[in-house]
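Trainee: Pasting the sequence and the predicted model now:
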Amino acid sequence: MEEVRAEIDRIDTALVDHIGERFTYVERAWQLKNFPAEARVPWRVQQVIDRVRVRAAENDLPPELCEALWRQMIGWFIQYEEEKLRQQLDAGK
């Protein structure tokens, strides 16, 4: 059991590192936008979800699990971008 837990911990570390890498691109994305409404792009969210579901199925994972995780993450990132863009607009007033 200790070996299994150690591998889970290793994978968790890698996942956090990858989310951190994704976050750097989210940081850049909001800086390229002008208004909070630009943070929410439904067709792009669906495009990402579709790709995640396909990748999950290719790896014998439940697509519903991966979709739920990604929707949660994407939702958080959208809120983050909206807040950053609101702060930027407020600072410019």
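Mentor: Arrived safely.

Trainee: Could you name the helices and strands sitting against the helix or strand harbouring residue 70?
Mentor: Using DSSP states H and E, the element containing residue 70 is helix 63-92. Using 3 or more CB pairs under 8 Å, 6 or more residues apart in numbering; DSSP states H and E, the elements in contact with helix 63-92 are helix 2-31, helix 42-58. Where C-beta positions appear, they are placed from N, C-alpha and C, glycine not excepted.

Trainee: That one: how far from the chain's middle?
Mentor: For helix 63-92, the distance between its averaged C-alpha position and the chain's averaged C-alpha position is 8 Å (CA atoms, centre = their mean, to the nearest Å).

Trainee: now do stretch 79-93
Mentor: Centroid separation between stretch 79-93 and its chain, computed with CA atoms, centre = their mean, is 19 Å.

Trainee: Okay, buried residues for that stretch please.
Mentor: Across stretch 79-93, burial judged by 16 or more other CB atoms under 10 Å covers 81, 82, 84, 85.
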